[in-house]
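K.L.:
Show me the folded form of this:
(4 chains)
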2 protein chains.
Amino acid sequence: MALFDLLGRAWAMGVIWQLDDGPLSFRQLQARCGDMSPSLLNRRLKELRTTGLADLGDEGFALTPLGAELFELLEHIGTWAKHWADEIQ
Amino acid sequence: MALFDLLGRAWAMGVIWQLDDGPLSFRQLQARCGDMSPSLLNRRLKELRTTGLADLGDEGFALTPLGAELFELLEHIGTWAKHWADEIQ
DNA sequence: CAGGAGCGCTACTGTATCAGTAGCGCTCGG
DNA sequence: CCGAGCGCTACTGATACAGTAGCGCTCCTG
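P.N.:
A predicted model of the protein is given here:
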(Lines give C-alpha, C1' and ligand atoms only; values in the text may rest on other atoms or scores of the structure.)
Protein backbone atom coordinates (compact mmCIF):
# COMPACT_ATOMS: atom_id res chain seq x y z
CA MET A 1 0.00 0.00 0.00
CA ALA A 2 2.13 2.83 -1.30
CA LEU A 3 -0.42 5.50 -0.40
CA PHE A 4 -0.48 4.45 3.25
CA ASP A 5 3.29 4.68 3.24
CA LEU A 6 3.13 8.17 1.77
CA LEU A 7 0.47 9.39 4.19
CA GLY A 8 2.07 7.61 7.11
CA ARG A 9 4.73 10.23 7.52
CA ALA A 10 4.90 13.18 9.87
CA TRP A 11 2.62 16.01 8.71
CA ALA A 12 1.74 14.44 5.35
CA MET A 13 -2.01 14.42 6.03
CA GLY A 14 -1.78 17.69 7.90
CA VAL A 15 -0.30 19.45 4.89
CA ILE A 16 -3.02 18.13 2.58
CA TRP A 17 -5.58 19.19 5.14
CA GLN A 18 -4.30 22.76 5.18
CA LEU A 19 -3.84 22.95 1.42
CA ASP A 20 -7.57 22.63 0.90
CA ASP A 21 -7.93 26.24 2.07
CA GLY A 22 -6.82 27.42 -1.33
CA PRO A 23 -3.36 28.47 -2.52
CA LEU A 24 -0.92 29.06 0.31
CA SER A 25 2.64 30.27 0.32
CA PHE A 26 5.42 28.14 1.74
CA ARG A 27 5.57 30.22 4.92
CA GLN A 28 1.80 30.39 5.33
CA LEU A 29 1.68 26.63 5.12
CA GLN A 30 4.50 26.39 7.62
CA ALA A 31 2.70 28.66 10.08
CA ARG A 32 -0.55 26.68 9.82
CA CYS A 33 1.28 23.50 10.67
CA GLY A 34 2.54 24.79 14.00
CA ASP A 35 5.76 26.24 12.63
CA MET A 36 6.98 22.93 11.34
CA SER A 37 10.56 22.86 10.12
CA PRO A 38 10.97 24.10 6.54
CA SER A 39 13.28 21.24 5.66
CA LEU A 40 10.57 18.73 6.45
CA LEU A 41 7.84 20.79 4.83
CA ASN A 42 9.87 20.96 1.67
CA ARG A 43 10.35 17.20 1.70
CA ARG A 44 6.62 16.60 2.10
CA LEU A 45 5.82 19.07 -0.68
CA LYS A 46 8.27 17.38 -3.02
CA GLU A 47 6.57 14.06 -2.31
CA LEU A 48 3.11 15.50 -2.87
CA ARG A 49 4.21 17.09 -6.12
CA THR A 50 5.89 14.01 -7.55
CA THR A 51 2.80 11.97 -6.68
CA GLY A 52 0.50 14.45 -8.38
CA LEU A 53 -1.42 15.45 -5.27
CA ALA A 54 -0.28 19.06 -4.97
CA ASP A 55 1.56 21.62 -7.07
CA LEU A 56 3.01 25.11 -6.98
CA GLY A 57 1.01 27.62 -9.02
CA ASP A 58 1.27 31.37 -9.45
CA GLU A 59 -0.52 32.05 -6.19
CA GLY A 60 1.21 29.40 -4.10
CA PHE A 61 0.87 25.74 -3.29
CA ALA A 62 -2.48 24.11 -3.92
CA LEU A 63 -4.05 20.69 -4.30
CA THR A 64 -4.37 19.24 -7.78
CA PRO A 65 -7.76 17.79 -8.80
CA LEU A 66 -6.36 14.43 -7.78
CA GLY A 67 -5.29 15.80 -4.42
CA ALA A 68 -8.72 17.33 -3.91
CA GLU A 69 -10.25 13.89 -4.37
CA LEU A 70 -8.01 12.54 -1.64
CA PHE A 71 -8.89 15.45 0.62
CA GLU A 72 -12.55 14.54 0.49
CA LEU A 73 -11.69 11.11 1.84
CA LEU A 74 -9.55 12.65 4.57
CA GLU A 75 -12.40 15.01 5.37
CA HIS A 76 -14.61 12.01 6.15
CA ILE A 77 -11.95 10.82 8.56
CA GLY A 78 -11.77 14.28 10.06
CA THR A 79 -15.49 14.40 10.78
CA TRP A 80 -15.45 10.84 12.09
CA ALA A 81 -12.61 11.85 14.43
CA LYS A 82 -15.05 14.01 16.39
CA HIS A 83 -17.35 11.04 16.92
CA TRP A 84 -14.31 9.01 17.90
CA ALA A 85 -13.06 11.64 20.34
CA ASP A 86 -16.43 11.59 22.12
CA GLU A 87 -16.39 7.80 22.47
CA ILE A 88 -13.05 7.68 24.23
CA GLN A 89 -13.80 10.83 26.30
CA MET B 1 -6.13 16.72 14.62
CA ALA B 2 -5.19 14.00 17.06
CA LEU B 3 -6.33 11.19 14.79
CA PHE B 4 -4.05 12.31 11.97
CA ASP B 5 -1.21 12.32 14.45
CA LEU B 6 -2.09 8.79 15.53
CA LEU B 7 -2.45 7.47 11.99
CA GLY B 8 0.55 9.44 10.78
CA ARG B 9 2.98 6.97 12.26
CA ALA B 10 4.83 4.09 10.66
CA TRP B 11 2.54 1.11 10.10
CA ALA B 12 -0.42 2.53 12.05
CA MET B 13 -2.80 2.34 9.11
CA GLY B 14 -1.21 -0.88 7.89
CA VAL B 15 -1.93 -2.60 11.19
CA ILE B 16 -5.58 -1.51 11.12
CA TRP B 17 -5.78 -2.69 7.53
CA GLN B 18 -4.55 -6.16 8.46
CA LEU B 19 -6.65 -6.41 11.59
CA ASP B 20 -9.82 -6.33 9.53
CA ASP B 21 -9.09 -9.92 8.48
CA GLY B 22 -10.40 -11.13 11.82
CA PRO B 23 -8.51 -11.96 15.01
CA LEU B 24 -4.78 -12.32 14.49
CA SER B 25 -2.00 -13.30 16.85
CA PHE B 26 0.90 -10.99 17.54
CA ARG B 27 3.19 -12.97 15.29
CA GLN B 28 0.64 -13.37 12.51
CA LEU B 29 0.18 -9.63 12.49
CA GLN B 30 3.91 -9.15 12.46
CA ALA B 31 4.32 -11.48 9.47
CA ARG B 32 1.58 -9.73 7.48
CA CYS B 33 3.30 -6.40 7.96
CA GLY B 34 6.51 -7.54 6.31
CA ASP B 35 8.13 -8.82 9.49
CA MET B 36 8.00 -5.46 11.18
CA SER B 37 9.90 -5.21 14.43
CA PRO B 38 7.95 -6.48 17.46
CA SER B 39 8.93 -3.49 19.56
CA LEU B 40 7.26 -1.15 17.11
CA LEU B 41 4.26 -3.42 16.60
CA ASN B 42 3.74 -3.53 20.32
CA ARG B 43 3.89 0.25 20.51
CA ARG B 44 1.29 0.62 17.75
CA LEU B 45 -0.96 -1.96 19.39
CA LYS B 46 -0.76 -0.15 22.72
CA GLU B 47 -1.78 3.06 20.99
CA LEU B 48 -4.67 1.38 19.18
CA ARG B 49 -5.86 -0.21 22.41
CA THR B 50 -5.72 2.95 24.51
CA THR B 51 -7.61 4.79 21.79
CA GLY B 52 -10.31 2.14 21.62
CA LEU B 53 -9.66 1.09 18.04
CA ALA B 54 -8.39 -2.44 18.66
CA ASP B 55 -8.21 -4.92 21.52
CA LEU B 56 -6.83 -8.29 22.48
CA GLY B 57 -9.50 -10.98 22.80
CA ASP B 58 -9.37 -14.70 23.37
CA GLU B 59 -8.55 -15.42 19.74
CA GLY B 60 -6.03 -12.63 19.23
CA PHE B 61 -6.00 -8.98 18.30
CA ALA B 62 -9.03 -7.58 16.53
CA LEU B 63 -10.69 -4.29 15.71
CA THR B 64 -13.29 -2.93 18.09
CA PRO B 65 -16.60 -1.73 16.61
CA LEU B 66 -15.08 1.74 16.67
CA GLY B 67 -12.00 0.51 14.87
CA ALA B 68 -14.15 -1.21 12.27
CA GLU B 69 -15.82 2.13 11.54
CA LEU B 70 -12.43 3.67 10.91
CA PHE B 71 -11.43 0.77 8.70
CA GLU B 72 -14.32 1.44 6.37
CA LEU B 73 -13.00 4.95 5.84
CA LEU B 74 -9.50 3.61 5.23
CA GLU B 75 -10.96 1.09 2.79
CA HIS B 76 -12.28 3.97 0.70
CA ILE B 77 -8.78 5.38 0.61
CA GLY B 78 -7.45 1.96 -0.33
CA THR B 79 -9.74 1.64 -3.32
CA TRP B 80 -9.08 5.23 -4.36
CA ALA B 81 -5.35 4.45 -4.21
CA LYS B 82 -5.75 2.19 -7.25
CA HIS B 83 -7.32 5.02 -9.23
CA TRP B 84 -4.53 7.26 -8.04
CA ALA B 85 -1.82 4.75 -8.99
CA ASP B 86 -3.20 4.63 -12.55
CA GLU B 87 -3.20 8.42 -12.88
CA ILE B 88 0.47 8.80 -12.03
CA GLN B 89 1.42 5.56 -13.90
C1' DC C 1 7.21 -34.32 34.65
C1' DA C 2 10.44 -32.89 30.98
C1' DG C 3 10.64 -30.71 26.69
C1' DG C 4 9.12 -28.31 22.83
C1' DA C 5 6.19 -24.81 20.64
C1' DG C 6 3.60 -20.91 20.65
C1' DC C 7 2.10 -16.77 22.93
C1' DG C 8 2.61 -11.47 24.18
C1' DC C 9 6.14 -8.63 25.02
C1' DT C 10 10.84 -6.40 26.29
C1' DA C 11 15.79 -4.90 25.76
C1' DC C 12 19.16 -3.81 23.34
C1' DT C 13 22.26 -1.41 18.98
C1' DG C 14 22.59 0.99 14.78
C1' DT C 15 20.22 3.84 11.38
C1' DA C 16 16.91 6.88 9.49
C1' DT C 17 13.74 10.48 10.29
C1' DC C 18 12.24 14.68 12.47
C1' DA C 19 12.63 19.34 15.26
C1' DG C 20 14.73 23.66 15.47
C1' DT C 21 17.44 27.34 13.88
C1' DA C 22 20.11 30.17 10.63
C1' DG C 23 20.61 31.72 6.28
C1' DC C 24 21.12 31.32 1.12
C1' DG C 25 19.74 33.27 -3.77
C1' DC C 26 16.02 35.34 -5.92
C1' DT C 27 12.26 38.82 -7.14
C1' DC C 28 9.67 42.89 -6.47
C1' DG C 29 8.28 47.51 -4.82
C1' DG C 30 9.64 51.84 -2.78
C1' DC D 1 19.98 50.83 -2.90
C1' DC D 2 17.33 48.43 0.45
C1' DG D 3 14.00 46.05 2.90
C1' DA D 4 10.53 42.36 2.66
C1' DG D 5 8.88 38.34 1.04
C1' DC D 6 9.49 34.19 -1.65
C1' DG D 7 11.03 28.95 -2.13
C1' DC D 8 14.44 26.35 -0.40
C1' DT D 9 18.95 24.45 1.80
C1' DA D 10 22.38 23.25 5.48
C1' DC D 11 23.47 22.35 9.57
C1' DT D 12 23.00 20.07 14.91
C1' DG D 13 20.66 17.56 18.32
C1' DA D 14 16.67 14.78 19.65
C1' DT D 15 13.40 11.21 18.49
C1' DA D 16 11.47 7.30 16.09
C1' DC D 17 12.26 3.19 13.63
C1' DA D 18 14.66 -1.42 11.86
C1' DG D 19 16.63 -5.56 13.19
C1' DT D 20 17.88 -9.08 16.31
C1' DA D 21 17.91 -11.81 20.57
C1' DG D 22 15.51 -13.41 24.22
C1' DC D 23 12.43 -13.10 28.44
C1' DG D 24 8.31 -15.28 31.24
C1' DC D 25 4.25 -17.61 30.50
C1' DT D 26 0.82 -21.32 29.01
C1' DC D 27 -0.45 -25.38 26.63
C1' DC D 28 0.32 -29.80 24.66
C1' DT D 29 2.66 -34.07 24.08
C1' DG D 30 5.65 -37.83 24.97
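
K.L.:
Point to the residue nearest the middle of chain A.
P.N.:
Central residue check for chain A by CA atoms, centre = their mean: the C-alpha nearest the mean position is that of residue A:16, 1.5 Å away.

K.L.:
Run through the neighbouring helices and strands of the host helix or strand of it.
P.N.:
Per DSSP states H and E, residue A:16 falls inside helix A:12-19. Contact here means 3 or more CB pairs under 8 Å, 6 or more residues apart in numbering or on different chains; DSSP states H and E; on that basis helix A:12-19 packs against helix A:26-32, helix A:38-50, strand A:54-57, strand A:60-63, helix A:65-87, helix B:2-7. All C-beta spots, glycine's among them, are computed from the backbone N, C-alpha and C.

K.L.:
Point out the residues in chain A that sit beside DNA strand D.
P.N.:
Within chain A, the positions near DNA strand D by CB under 7 Å from any atom of the strand are A:25, A:26, A:27, A:28, A:37, A:38, A:39, A:42, A:45, A:56, A:60, A:61.

K.L.:
which of those residues are close to DNA strand C?
P.N.:
Among those, the ones lying near DNA strand C by CB under 7 Å from any atom of the strand are A:37, A:38, A:39.
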